[in-house]
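Q: the following block contains a protein sequence and its predicted model.
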Amino acid sequence: MDGSSKCFTEAFQSRRTLVESKSSLRKVKVLKEVAVSQEDGNSRWAKLSPLEDADTDGDLNISVHLDFGTRMQPQSFSYWRSEFITRKVLEARTFGFMSDLEGLRANNLARGSSLDNTIAFNDNGSVINKEGLRFPKEPSMHKGLDALGDLRLGGVLSGRYESLRPGHSLNIMLLKKLYSSAKNFRFV
């Protein structure tokens with residue numbers, strides 16, 4: 001396992017077990033902008049908004065912005081859910097900072113992380129892994145991959161997702177806010 005979702009996708013596809021029943025898919029159209037934020041010493045936010053272009057109706061646009069100061073070059077990555085495979089998003093590995101590793105492990109987190117499955121950054125922004133990045137924007141691509149998976153827990157969304165420094169907990173907060181009022185969404 002290399003920290004991406006590629007091996008899972010290939011395993012499902014090779015066994016032909018990646019089958020979705022059209023009747024069980026809950027399609028959801030975002031009607032009103034909803035946003036959430038977290039202040040944990042660093043500003044983080046995420047929002048969902050309706051699509052404005054009728055030609056893209058039924059799709060989800062994902063835009064992720066990362067800014068960790070000197071720890072990594074700021075970067076952004078955007079894609080449509082329908083481009084998931086062709087844009088190679090599933091090959092983007094997870095990432096972390098060496099200075100955070102001790103604290104994570106002390107909290108029983110990142111137990112399986114290694115340089116084989118995680119992009120590791122020094123605090124000066126350099127990549128520790130010998131092979132470097134697979135893609136120039138691999139960290140933001142992976143955060144977009146995480147967002148797609150998290151948002152899928154709420155159904156097949158049609159709308160725009162945008163975030164700064166997203167994470168799983170932030171994405172779940174966003175889904176809860178979306179479903180907190182029937183004015184925010186419509187099942188289609």
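A: Thanks, I have the structure now.
Q: so how many other residues sit close to Leu25?
A: 10 (other C-beta atoms under 10 Å). Placement of C-beta: from N, CA and C, glycine included.
Q: check contacts around the residue lying closest to it once chain neighbours are set aside.
A: The shortest distance from Leu25 to any non-neighbouring residue, by C-beta to C-beta, 6 or more residues apart in numbering, is to Val156 (5.4 Å). Counting by C-beta atoms under 8 Å, 6 or more residues apart in numbering, Val156 touches Leu25, Arg26, Lys27, Val28, Leu60.
Q: next: Pro139.
A: Contacts of Pro139 (C-beta under 8 Å, 6+ apart): Leu66, Met72, Gln75, Ala92, Phe95, Ile119, Leu133.
Q: if we use 6 Å, what do you get?
A: Leu66, Phe95 (C-beta atoms under 6 Å, 6 or more residues apart in numbering).
Q: phi, psi of it?
A: phi -60, psi -50 (degrees, to the nearest 10).
Q: that one and Leu175, how far apart?
A: 23 Å (C-beta to C-beta, to the nearest Å).
Q: tell me the mean pLDDT for the longest strand anywhere in the chain?
A: Across the chain, the longest stretch assigned as strand under DSSP state E is strand 156-164. Averaging pLDDT along strand 156-164 yields 96.
Q: can you list the contacts of Val156 in JSON lines and add secondary structure, distance to Leu170 and pLDDT?
A: JSON lines is the format used below for the contacts of Val156 (DSSP: H, G, I helix; E, B strand; the rest coil; distance: C-beta to C-beta, whole Å; pLDDT from 0 to 100):
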{"residue": "Leu25", "secondary structure": "coil", "distance to Leu170": "24", "pLDDT": "72"}
{"residue": "Arg26", "secondary structure": "coil", "distance to Leu170": "22", "pLDDT": "86"}
{"residue": "Lys27", "secondary structure": "strand", "distance to Leu170": "23", "pLDDT": "92"}
{"residue": "Val28", "secondary structure": "strand", "distance to Leu170": "19", "pLDDT": "95"}
{"residue": "Leu60", "secondary structure": "strand", "distance to Leu170": "17", "pLDDT": "94"}
